[in-house]
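K.L.:
no FASTA, just this:
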């Protein structure tokens, strides 16, 4: 007899776990299970490139809930099973062993797989991504014999890993193809600030460089750049984004290009199939209704809760304020809103003092803030973003006036 659940959640990251939790909190009495290709119970992913890699947090402290929690709430956690196909007509999925699991409602919460280098040498030993606990455990097991690390990619994951590995005594080189780090997510002042911080900590930050291939026999020994020069490497960390893990859904007929398309309630074009988190392309009001994927815990959690509400019959629509964070060295970066398409930028505070905020404006309205060691601005700036507030840039720059007073 085919295994079957009233709600089957594929993926046990933040979104999948939150959906299961919310279903029980809302009184859903049907059968619920999460299926994950990993061997672990649901855990937090952001600390992987920070506290977990630095050994500041044991894995047990990353668990979203203790294992007993899921048993107590009668939520199945089907571990070590990779779902490879979906049959929307039969309302079933199939795992890599060929075993089928039936569902009443399917929630796709698979996130994505690290984007791989397409150049020669990408498969050499010593080349790592940071996406799962197993990724970090494997990387850490090699560190005792490593002196020189090359990080390919100057986004959040790459820079967080560079900060930790530098603190662990490794010589780190960051290679970024664009002319600044964090170029896809932040304004130039923030990029230059973090570039300077990493260099001050001894990181060799190389900008505007292309990777030709990785060199080595069996194990990586160097990265050859597009100009023919070589950067020695005992270990390479690749942080160049993710590929949304939606192929089984697309093959089953779901619409989507960059991820799987969902409506305001996170429904896909397939009947009784929802998608949430990093893999879900939704229309977002904070970028003028453009269809985007958001790779953030906030987005995954909020969409997980939204789908649970929809399943139990509540009317819900996604309109959450995006927020993100990044810890590097002693710097806490907190972001609220999306700065995409900004046309003006206000610096609030003293960059040299390493406590400041960047306020992003579009057509005079506040659309986002990047706050570095400025938690109060982050907390108070949220309302400015929600209300698309129009405030004189000179006032925004005045640190003597709290942001919460600017709406008065």
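P.N.:
Okay, I see it. Bear in mind that the values here come from a model prediction, so they are computed numbers and not experimental data.

K.L.:
residues contacting residue 212?
P.N.:
When contacts are counted by C-beta atoms under 8 Å, 6 or more residues apart in numbering, residue 212 touches 119, 224, 225, 226, 228. C-betas here are computed from N, CA, C, even on glycine.

K.L.:
and it, which of the three is it?
P.N.:
strand (DSSP: H, G, I helix; E, B strand; the rest coil).

K.L.:
so how far is residue 388 from it?
P.N.:
According to C-beta to C-beta, to the nearest Å, residue 212 and residue 388 sit 45 Å apart.

K.L.:
and if you look at residue 148?
P.N.:
47 Å.

K.L.:
what of residue 291?
P.N.:
20 Å.

K.L.:
ok, which stretches of the chain are helices?
P.N.:
14-25, 67-72, 133-142, 156-167, 188-200, 247-251, 297-311, 375-386, 393-397 (DSSP state H).

K.L.:
helix 14-25 and the longest one, what's the angle between them?
P.N.:
Yep, that's helix 297-311 we're talking about. 40 degrees (axes from the mean of the first three to the mean of the last three C-alpha atoms, to 10 degrees).

K.L.:
low pLDDT regions in the chain?
P.N.:
Scanning the chain for pLDDT under 70 picks out the ranges 1, 408.

K.L.:
can you put the helices of the chain in a markdown table and add mean neighbour count and distance to residue 220?
P.N.:
As requested, those are exported to a markdown table (neighbours: other C-beta atoms under 10 Å; distance: least, C-beta to C-beta, whole Å):
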| stretch | mean neighbour count | distance to residue 220 |
| --- | --- | --- |
| helix 14-25 | 25 | 32 |
| helix 67-72 | 14 | 37 |
| helix 133-142 | 15 | 11 |
| helix 156-167 | 24 | 15 |
| helix 188-200 | 17 | 22 |
| helix 247-251 | 19 | 28 |
| helix 297-311 | 23 | 31 |
| helix 375-386 | 19 | 39 |
| helix 393-397 | 15 | 47 |
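
K.L.:
of all those helices, which one is nearest residue 88?
P.N.:
helix 247-251 (8.8 Å; C-beta to C-beta).

K.L.:
what's the closest one in contact with?
P.N.:
83, 84, 85, 86, 93, 108, 256, 260, 268, 270, 273, 275.

K.L.:
now with 7 Å?
P.N.:
For helix 247-251, the surrounding residues in contact (C-beta atoms under 7 Å, 6 or more residues apart in numbering) are 83, 84, 85, 86, 108, 256, 260, 268, 275.

K.L.:
ok, stretch 74-92 next?
P.N.:
2, 5, 10, 12, 20, 24, 32-41, 70, 93-96, 100-103, 248-249, 251-253, 270-273.

K.L.:
let's go with 6 Å and repeat that
P.N.:
Outside of stretch 74-92, the residues within contact range by C-beta atoms under 6 Å, 6 or more residues apart in numbering are 10, 20, 32-37, 39, 41, 70, 93-96, 100, 102-103, 248-249, 252, 270.

K.L.:
perfect, I'm done here.
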